[in-house]
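Undergrad: What shape does this take:
(one chain, ligands or ions: 1)
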Amino acid sequence: MILDPRALPTSDVYRFLISAVVPRPIAFVSSIGADGGMNLAPFSYFNAVSSEPPLVTIAINDRDGDPKDTLRNIRETKEFVVNVVSEPLLDAMVSTAGDWPRGTSEFGPAGLTPAPSTRVRPPYVAESPLQLECTLHREVALGNSILVVGEVILARVRDDVLTEGKVDAAKLAPIGRLGGEFYAPLGTILKRKRPRVSRVTGEEQG
Ligand SMILES: Cc1cc2nc3c(=O)[nH]c(=O)nc-3n(C[C@H](O)[C@H](O)[C@H](O)COP(=O)(O)O)c2cc1C
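TA: The predicted structure is shown next:
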C-alpha cells in the first residue's frame, strides 16, 4: 500500500499516523486555569527531547483556534504536570478524554485524586507512580498542532517502582497508545548492549 498524505483528508492522515507511530507514551497532563479550575487530559504526541535542560514536548491539536483546556491553562499559568499512565490507570485516563465543558475537573468523574505538587500550582495525580512538574519553556505552532515544550523542574517517583534507585520499567508498567482505540502494556523487556565505536577510526572498542 502506498499513501500520499497530500491526496487524503486530514482525518485519514491522522488515523494513519497514529497507527504507524506506535507505541506512543502518554502524558496525562494536569493543569489549572487562572481561576484555579483543575483539568486533566491525555496526550500521546509526547516525548522527551533534551536533558540539559530537561525538556519534554506535547503536541496539542489547535482545534481551529479553539484551544483545548489544557493549552488554555498552560498559556494562563505557564505550568503543568505530566503524570505517567500505569496499567491500573488506563480506564480512568480514557474517561478524561471526553469533550467535557470548560471548567469541568476531570479528576472527580475519573475517580482520581489531585495532590499538591511541590514546585508548580497544578496538582499531580496521586494514583500515578511518576510525575514531572513542568514550566512552559516555549510554544511552537507546527501544522495543525501547538507544540508545548515544558522544562521539567521536579520529578517525583513512587518508591515501589524503583530498583536500586532507578526507575524500573517493569514496575512502572506504563501504557502505550496504538492506533484507534487500542493501547498496549510493555510486554517482554529485552536488553541489548550498544556497540562502542571510536568516532575517529570507526573501530569497535569492545
Ligand atoms: C490516549 C489519548 C491520547 C491523546 N493524545 C492527544 C494528543 O497528543 N494531542 C491532542 O491534541 N489530543 C490528544 N488526545 C485527545 C485529548 O485528550 C482530548 O481532546 C481531551 O478532551 C482534551 O482535553 P482538554 O480540553 O481538557 O485539554 C488524546 C486522547 C487520548 C485518549
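Undergrad: do the worst-scoring helix or strand of the chain on mean pLDDT and the ligand meet at all?
TA: Across the helices and strands of the chain, mean pLDDT, DSSP states H and E gives its lowest value to helix 107-110, namely a mean of 94. No - using CB under 6 Å from any ligand atom, helix 107-110 stays clear of the ligand, with a minimum separation of 11.4 Å. C-beta coordinates here come from the backbone N, C-alpha and C atoms, glycine included.
Undergrad: Stretch 6-20 too?
TA: No - applying CB under 6 Å from any ligand atom, one finds stretch 6-20 separated from the ligand by no less than 8.3 Å.
Undergrad: Run through the neighbouring helices and strands of the longest helix along the chain.
TA: If you go by DSSP state H, the chain has its longest helix at helix 10-20. If you count contacts as 3 or more CB pairs under 8 Å, 6 or more residues apart in numbering; DSSP states H and E, helix 10-20 packs onto no helix or strand.
Undergrad: residues contacting residue 76?
TA: Residues near residue 76 by CB atoms under 8 Å, 6 or more residues apart in numbering: 33, 34.
Undergrad: let's have the chain start at 612 instead
TA: Okay, using 612 as the starting number, the last item reads as residue 687.
Undergrad: Just the C-alphas of stretch 733-753, formatted as CSV.
TA: Extracted C-alpha coordinates of stretch 733-753, given in CSV (Å, rounded to 0.1, in the frame of the first residue of the first chain):
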residue,chain,number,x,y,z
PRO,A,733,-1.3,22.4,39.1
PRO,A,734,-1.9,19.3,41.3
TYR,A,735,-0.5,15.9,40.3
VAL,A,736,-2.4,12.6,40.1
ALA,A,737,-1.9,10.8,43.4
GLU,A,738,-2.6,7.4,41.8
SER,A,739,0.2,7.9,39.2
PRO,A,740,3.6,6.3,40.0
LEU,A,741,5.7,9.1,38.4
GLN,A,742,5.2,12.8,37.7
LEU,A,743,7.1,15.5,36.0
GLU,A,744,6.4,19.0,37.3
CYS,A,745,7.0,21.4,34.3
THR,A,746,7.1,25.1,33.5
LEU,A,747,6.4,26.3,30.0
HIS,A,748,9.7,26.7,28.1
ARG,A,749,8.1,27.7,24.8
GLU,A,750,5.2,27.1,22.5
VAL,A,751,5.8,26.4,18.8
ALA,A,752,3.0,26.4,16.1
LEU,A,753,3.5,23.3,14.0
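Undergrad: which parts of the protein sit against the ligand?
TA: The chain comes close to the ligand at residues 637, 650, 652-656, 670-672, 679-681, 705, 708, 710, 788, as judged by CB under 6 Å from any ligand atom.
Undergrad: Thank you kindly, that will do.
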